[in-house]
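Colleague: I'd like to go over a predicted model; first the sequence, then the structure.
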Amino acid sequence: MQVRRFSPDRKVKIPGNHPGLYGAMIQMNRAQIPPEQQEEVARRFNGLPLLMETGFQVEVMYFDPQASMEEHAADHPILFLVIEGQGHVRIGGPDGETCEVQVGDAVLWPAHTDHTVWTGDQELHAIVINAFQDQASR
């Protein structure tokens, strides 16, 4: 049995222009991490993610109050599952659709579509599932 802890005490700052955004990697494709790099990856992610042979990658994102994710697009679809708190998401760029999200909401970001998340006075925690189309390249 493998257990991967991803509680807030395991979070690390997500690099880039994302003020107040932290994360913890839960699962990655085994091919992404050669055995000789596993120790380094474990240090970087506060523990080794569960390694599987799959086209999915799972992480948790922790948004502080007044946090934001820089708007960007990914080359794959992403499922964003809110597990605590509330915030806002926007899909489709600055003029795109905006929606308030809260615990129990799931948002699908299609591939190649700009998306962003931000919070007001509350934290937001979300499980993020990246569905890579070509698992060999991940």
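Modeller: Good, I have the coordinates. Numbers count the residues shown, from 1 in each chain.

Colleague: Which strand or helix spans residue 90?
Modeller: Residue 90 belongs to strand 78-91 when assigned by DSSP states H and E.

Colleague: who's in contact with the residue nearest to residue 24 when sequence neighbours are not counted?
Modeller: Spatially, and ignoring its direct neighbours in sequence, residue 24 is nearest to residue 6 (4.1 Å; Cβ to Cβ, 6 or more residues apart in numbering). (Glycine included, C-beta is placed from N, CA and C.) Each residue near residue 6 by Cβ atoms under 8 Å, 6 or more residues apart in numbering is listed here: 24-26, 59-60.

Colleague: picking up where we left off before, what is the strand holding residue 90 packed up against?
Modeller: Judged by 3 or more Cβ pairs under 8 Å, 6 or more residues apart in numbering; DSSP states H and E, strand 78-91 is in contact with strand 56-63, strand 97-102, strand 106-109, strand 115-118, strand 124-131.

Colleague: closest one to residue 77 among those strands?
Modeller: Minimum separation from residue 77 across the helices and strands packed on strand 78-91 (Cβ to Cβ) falls at strand 124-131, 4.9 Å.

Colleague: just checking, what packs against the closest one?
Modeller: strand 56-63, strand 78-91.

Colleague: Output these as CSV; include the columns distance to residue 47, mean neighbour count and mean pLDDT.
Modeller: Shown next, in CSV, are the helices and strands packed on strand 124-131 (distance: least, Cβ to Cβ, whole Å; neighbours: other Cβ atoms under 10 Å; pLDDT from 0 to 100):
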stretch, distance to residue 47, mean neighbour count, mean pLDDT
strand 56-63, 12, 21, 97
strand 78-91, 19, 18, 98
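
Colleague: right, so of the ones you listed, which gets closest to residue 37?
Modeller: So among those, strand 56-63 is nearest, using Cβ to Cβ, at 16.3 Å.

Colleague: export the contacts of residue 6 to a markdown table and tack on distance to residue 106?
Modeller: Shown next, in a markdown table, are the contacts of residue 6 (distance: Cβ to Cβ, whole Å):
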| residue | distance to residue 106 |
| --- | --- |
| 24 | 19 |
| 25 | 20 |
| 26 | 17 |
| 59 | 15 |
| 60 | 14 |
